[in-house]
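Visitor: Need the 3D shape of this:
(chains A and B)
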Amino acid sequence: MRLSSCSKEELAGRLKGDGLFLHTGPFLSRIRTAVPAVVDGIALLYADNRISAHEPYADFHIALNRPRSLRRWINAQVHFEFDGLLPFKPLPLAQALPMLEWGLNWCIGFHAHQYLIIHAAAVEKNGFAAILPGAPGSGKSTLTAYLVHHGWRLLSDELALISLRDGRVTPLARPISLKNRSIDVIAETLPDATLGPRCKDTAKGTVALLKAPRQSVERIAEPAWPAWVIFPTFKVGAAASLVANSKSDTLIELGRNAFNYSIHGKNGFETLAGLVDNCACYTFTYSSLPQALSVFDALQPARPQASRIPA
Amino acid sequence: MSAGGSNSRPPLLPHLAGRPETLANLSLEEWDLVVRQAMRAGIVARLCFQLDELGALGKVPERPRRHLESARTLALKHMRDVRWEVDCVCRVLAASGVPITLLKGAAYVMAELPPARGRLFSDIDFMVPREHIGEVEQILLDADWKPEVEDAYDQSYYRRWTHQIPPLKHAKRSTVLDVHHTIVPLTARSPVAAEILAAESLPLGCDGQLRILAPADMVLHSAVHLFNEGEFDRGLRDLLDLFDLLRYFTSQPGFWEKLAGRAEMLGLTGPLSLTLSYVQRLLKLPLPDPAREVALRWQPSPLAARCLDALFLRALLPDHDSCDDRLTGTARWLLYVRAHYLRMPLHLLLPHLLRKSFIRPQENDDSKKFRLVQQRVEELLRLTPPSRGNARHADSPGQPD
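Guide: Prediction:
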């Protein structure tokens, strides 16, 4: 069942009661909360996701609750609970929705070692994926938001899940987290896109979540072959330019951006080396989003992807 | 069993009682609870290893199996890191010639004993002779290990009253070493003479510098650690360690007599008697006759036994809502108090607790607050949890630069 087919009251009831079973990519989370901003946020941002009335098993049992202390009322806070544990310090209540997203990221980063998890966006076209690792401020999320509303499919905004078996990228298609000025840029450029409320003064400045496009959410079962590793850099006034990177530098940089690279040991190295071998590697400097799109649309996969690295 | 009684669903414990094959037939709903309880008890990876050994991992439904395998991947990383770290310690201390007796998890890994499977580490424990501990500390400090506690009171507390120096954290790898000179605090009601342990320790490897405790002593250390230290968030895991060790050593001729003799010599008959009682009753470990005799010899009085049961049968379950009843919190608290009572006489304990409860580190000025905010920012960005005891392991997941 699609979340949007559920009325707001029903949704709120489930979230307050036994929990909402929400499918996001390969993961199934049981979410409970009575915080209105989170209920509204889920209704808006996960409208196209599959939900279940009940599931016997959930990967992550999470809840966002207000503390049972003075902080419930004065300078109100919110806790992220992972099956009854509190992995984070509480945040101001106004940041409850971004906290859900960060919390879900944490759940994956800490428990999904069936993947090599790279801190990167990933987008797909014609079955091939571009992996976009980027430091905060590199314009990674802005670029991703634009691309996925212009013919590319969103695989992920923050966590590129690389299969250790065949090297493919597994889609997550969760909301894109936009920060600070890029919120206005996207709101102006993509007036039809669904943008959540702005949360000010978070750890990352002002944050707003952009709903994943419906087609991306619907094609959640289709992984993609990585074909490009592109480090984006936003630079005011710069013409779009794609400069080739050495494979060895790319490997090291990707390793540094991977959450669980060292956990996988030799396996992790081989997976990453296989990925870099099969990808064209670039640094991409841009200032104009339409220009960036035309560069991306002109990308050709480096080589046929028939021969893949063995598991 | 009274503990966990209010919940109609069975706790996961019975399935672990040396019969992991029962896990292969669980429903998805049962798996949901098993994985959550096992996660809390820190034994998910262990279950994965056990099922794999039985060839039954393939029978586990896909979603829970992914969790088991993911936990195993992490545990294998911890095992590699422990071997590496022990190697680093050995190289640094080689010139000194000081014998290094590995304790607990590090010993299980390096000696390839059954409790090593699926174990997660927050630190590496080893013991050196007390007369060399200053020298060892200095060598480690010179080799980039830094004291983890900086507060002068805490520093001197460790040195004066406990059986270890303040934990040392490696500046680059963030691994934590607990360097001991015996296995129970100096102030404990029954102090343990380290020389008795050292005399029977066994060499690991050829040069003889790296050592482990003799089998009986290893069991006793694990027992005193579990039953006298008051922290039961990993109680089930620790009891399973004992289960593994006893099952492994029971085939050695004369093991049980030796164990009883050492327990008496070291003054650890209490923890041993509790161990034998709970591995039998909670984990259904069948004990051979000589072990039963040992268990009977130091059996507590019926009244004491009932009190201990009321506490331990609750605290040894996974620290998860589904295992708790009304009294679980109280039981855990009483065991914490009991541990302090066993650790220190009151005239030392009370001033210590008073100080700990009234004098907290000054975190009030603005720069400290700012630092905390910064830290939170980093935690969120990097997806690492706030520093907690169990997240101390080097290179814990989620540290891209």
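Visitor: contacts for stretch A:92-106?
Guide: Stretch A:92-106 has contacts (Cβ atoms under 8 Å, 6 or more residues apart in numbering or on different chains) with A:24, A:29, A:31, A:33, A:35, A:37-38, A:41-42, A:60, A:62, A:64, A:66, A:75-78, A:80, A:82, A:87-88, A:91, A:158-159, A:174-175, A:177, A:196-197, A:199-202, A:204, A:207, A:209, B:380, B:383, B:385, B:398. Yep, even glycine has a C-beta here, placed from its N, CA and C like the rest.
Visitor: let's see 6 Å
Guide: With contact meaning Cβ atoms under 6 Å, 6 or more residues apart in numbering or on different chains, stretch A:92-106 is reached by A:35, A:37-38, A:41, A:64, A:76-78, A:80, A:91, A:158, A:199, A:202, A:207, B:380, B:383.
Visitor: ok, so of those residues, who is nearest B:R338?
Guide: A:F80 (33.6 Å; Cβ to Cβ).
Visitor: tell me the SS of the closest residue to the closest one other than its chain neighbours?
Guide: Nearest residue to A:F80, sequence neighbours excluded (Cβ to Cβ, 6 or more residues apart in numbering or on different chains): A:G103, at 4.1 Å. The local conformation at A:G103, judged by DSSP: H, G, I helix; E, B strand; the rest coil, is helix.
Visitor: Tell me, how many residues neighbour A:G103?
Guide: 24 (other Cβ atoms under 10 Å in any protein chain shown).
Visitor: hang on, isn't B:R314 packed against B:W333?
Guide: No - at 10.9 Å, B:R314 does not count as touching B:W333 under the criterion of Cβ atoms under 6 Å.
Visitor: okay, the most centrally placed residue in chain B: pLDDT?
Guide: The centre of chain B sits closest to B:D238, judged by Cα atoms, centre = their mean, with a distance of 5.7 Å. At B:D238, the pLDDT value in this model is 94.
Visitor: picking that back up, and the residue nearest to A:F80, what pLDDT?
Guide: 95.
Visitor: circling back to that earlier point, so for B:R314 and B:W333, which residue has more residues nearby?
Guide: Higher neighbour count among B:R314 and B:W333: B:R314, with 26 against 13, using other Cβ under 10 Å.
Visitor: Show me which residues of the stretch 51-200 of chain A are close to chain B?
Guide: A:56-57, A:83-84, A:87, A:89, A:102, A:105-106, A:109-111, A:113-114, A:119 (Cβ under 6 Å from any Cβ of the partner chain).
Visitor: Which among the residues you listed count as buried?
Guide: Those of these that meet the buried threshold are A:57, A:83, A:87, A:89, A:102, A:105-106, A:109-111, A:113-114, A:119, by 16 or more other Cβ atoms under 10 Å in any protein chain shown.
Visitor: that older thread, now flag whichever of the contacts of stretch A:92-106 is closest to B:T162.
Guide: Taking the contacts of stretch A:92-106 together and measuring to B:T162 by Cβ to Cβ, the closest member is B:L383, at 34.0 Å.
Visitor: Do you know the pLDDT at the residue lying farthest from the centre of chain A?
Guide: Going by Cα atoms, centre = their mean, the residue of chain A most distant from its centre is A:L70, 33.9 Å out. Reported pLDDT at A:L70 in the predicted model: 75.
Visitor: count of neighbours near the residue of the stretch 151-300 of chain A found nearest chain B?
Guide: Distance from chain B to each residue of the stretch 151-300 of chain A (Cβ to the nearest Cβ) is smallest for A:A203, at 4.0 Å. A:A203 has 18 neighbours, counted by other Cβ under 10 Å.
Visitor: Likewise for A:P191?
Guide: Neighbourhood size, A:P191 [other Cβ under 10 Å]: 8.
Visitor: got it, and A:L20?
Guide: Neighbourhood size, A:L20 [other Cβ under 10 Å]: 25.
Visitor: so where's chain A uncertain?
Guide: Along chain A, segments meeting pLDDT under 70 span A:303-311.
Visitor: run the last query once more with 50
Guide: Scanning chain A for pLDDT under 50 picks out A:306-311.
Visitor: domain ranges for the chain?
Guide: Just going to use chain A. Domain assignment for chain A, taken from automatic domain parsing, gives A:3-111, A:115-297.
Visitor: I was thinking of chain B, sorry if that wasn't clear
Guide: B:13-361, B:366-401.
Visitor: Name all residues that make contact with A:I183.
Guide: Residues near A:I183 by Cβ under 6 Å, 6+ apart: A:A208.
Visitor: Which strand or helix spans it?
Guide: Using DSSP states H and E, A:I183 sits within helix A:181-189.
Visitor: what's downstream of that helix, the next helix or strand?
Guide: Sequence-wise, the next helix or strand beyond helix A:181-189 is strand A:199-202, with elements assigned using DSSP H and E.
Visitor: Tell me the buried residues in that next one?
Guide: Buried-residue list, strand A:199-202, by 16+ other Cβ under 10 Å: A:199, A:202.
Visitor: orientation of the next helix or strand along the chain from that strand relative to helix A:181-189 in degrees?
Guide: Where DSSP H and E defines the elements, the next helix or strand beyond strand A:199-202 is strand A:205-210. If you take axes from the mean of the first three to the mean of the last three Cα atoms, to 10 degrees, strand A:205-210 sits at 40 degrees to helix A:181-189.
Visitor: who does strand A:205-210 touch, helix- and strand-wise?
Guide: strand A:176-179 (3 or more Cβ pairs under 6 Å, 6 or more residues apart in numbering or on different chains; DSSP states H and E).
Visitor: ok, 10 Å please
Guide: helix A:36-45, helix A:96-111, helix A:140-148, strand A:176-179, helix A:181-189, strand A:199-202 (3 or more Cβ pairs under 10 Å, 6 or more residues apart in numbering or on different chains; DSSP states H and E).
Visitor: Following element in sequence after the second one, please.
Guide: Moving toward the C-terminus from helix A:96-111, the first helix or strand encountered (DSSP H and E) is strand A:115-125.
Visitor: got the angle for that next one vs helix A:96-111?
Guide: Interaxial angle of strand A:115-125 relative to helix A:96-111 (the same axes, to 10 degrees): 120 degrees.
Visitor: And for the closest residue to chain A within the stretch 101-250 of chain B, the neighbour number?
Guide: Closest to chain A within the stretch 101-250 of chain B is B:D233: 10.4 Å, counting by Cβ to the nearest Cβ. Residues lying near B:D233 (other Cβ under 10 Å) number 15.
Visitor: For it, give me the backbone phi and psi.
Guide: Main-chain torsions, B:D233, degrees, to the nearest 10: phi -60, psi -20.
Visitor: Report the spatially closest residue to it, excluding sequence-adjacent ones.
Guide: B:D319 (4.9 Å).
Visitor: Is chain A within reach of the lengthiest helix in chain B?
Guide: In chain B, with assignment by DSSP state H, the single longest helix is helix B:62-93. Yes - for helix B:62-93 and chain A, the contact criterion (Cβ under 10 Å from any Cβ of the partner chain) is met by B:62-67, B:69-78, B:80-81.
Visitor: Tell me which other helices or strands the next helix or strand after that helix touches.
Guide: Of the helices and strands lying after helix B:62-93 in sequence (DSSP H and E), the nearest is strand B:100-103. Counting by 3+ Cβ pairs under 10 Å, 6+ apart, the packing neighbours recorded for strand B:100-103 are helix B:62-93, helix B:104-110, strand B:124-127, strand B:176-180, helix B:194-200, strand B:210-212, helix B:215-228.
Visitor: buried set for stretch B:276-291?
Guide: B:276-280, B:282-283, B:285, B:287, B:291.
Visitor: okay, among the residues you listed, which ones form the most distant pair?
Guide: The farthest-apart pair in those, when distances are taken by Cβ to Cβ, is B:L282 and B:A291, at 15.7 Å.
Visitor: Could you count how many residues lie near the nearest residue to A:P171 once chain neighbours are set aside?
Guide: Of all residues not flanking A:P171 in the chain, A:L155 sits nearest, at 4.5 Å (Cβ to Cβ, 6+ apart). Neighbourhood size, A:L155 [other Cβ under 10 Å]: 32.
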